[in-house]
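Enquirer: got a sequence here, can you build the structure:
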Amino acid sequence: MNRYKRRIEQLKFIASMFRMAMEEMDKVFGPESIRTIFRLIGERQGEQLEKQMKKKLNIDTWTPEKFAKALIEEIIDPAIGTDQSHIEKKGDELIVNIRTCPFKRAGIDIKNKFYCTYTEGLIETAAKCALGDVAFNTEDLISTKKTCCIFKIKLN
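Expert: Modelled structure (predicted):
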């Protein structure tokens, strides 16, 4: 138990430092720069995760259905838990619906939308890597007091 308690204290320290660093970066760089940084991190992660999913699931060619299933099971569910998201295919669109924000759940203030750009970059880039030419659009965000995040991936 002592080891567990020590680890909790370490994580609290790291979280405190992260929160203070974000406040200072916001003051120095401004919100647009921070959103850009998180977007770029998300894009890099999306690229890497698509490759990992393709290899792990032994996928030669993605279909929208295979991609949707993998995105939920391999990326989103591990971050927020099962039954907190789903993807619906309507015609030439995949509609990604996420009901839980992992950042908000971790106690991070999300109203500045810094972390939304991470999620957008991750999903859009993974979709482009897997499905090629797609158009991506953010419909709703939990950070704007909506009940869920909705992202649309239009297959071109």
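Enquirer: show me the contacts for K89.
Expert: By C-beta atoms under 8 Å, 6 or more residues apart in numbering, the residues touching K89 are P64, E65, A68, I95. Just so you know, the C-beta spots here come from the backbone N, C-alpha and C atoms, and that holds for glycine as well.
Enquirer: apologies, that question was intended for D26.
Expert: By C-beta under 8 Å, 6+ apart, D26 lies in contact with I34, N112.
Enquirer: low-confidence stretches in the chain?
Expert: The model of the chain has pLDDT under 70 over residues 1.
Enquirer: sec struct for A135, please.
Expert: Of the three states, A135 takes strand under DSSP: H, G, I helix; E, B strand; the rest coil.
Enquirer: test my guess that it contacts K154.
Expert: Yes - A135 is within contact range of K154, at 4.2 Å (criterion: C-beta atoms under 8 Å).
Enquirer: next up, the contacts around A15.
Expert: Residues in contact with A15 (C-beta under 8 Å, 6+ apart) are A106, G107.
Enquirer: so which helix or strand takes in it?
Expert: helix 2-29 (DSSP states H and E).
Enquirer: make a ChimeraX selection of the buried ones in the contacts of K89.
Expert: The ChimeraX command for the buried members of the contacts of K89 (criterion: 16 or more other C-beta atoms under 10 Å) is given here:
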select :64,68,95
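Enquirer: tell me the centre residue of the protein?
Expert: The residue lying closest to the centre of the chain (C-alpha atoms, centre = their mean) is T119, at 2.8 Å.
Enquirer: for the protein, what spans make up the strands?
Expert: Taking DSSP state E as the test, the strands found in the chain are 85-90, 93-98, 134-140, 149-155.
Enquirer: export those strands to TSV and tack on distance to E47?
Expert: TSV is the format used below for these (distance: least, C-beta to C-beta, whole Å):
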stretch	distance to E47
strand 85-90	19
strand 93-98	18
strand 134-140	14
strand 149-155	16
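Enquirer: of those, which is nearest I76?
Expert: Across the strands of the chain, I76 has its closest neighbour in strand 85-90 (4.8 Å, C-beta to C-beta).
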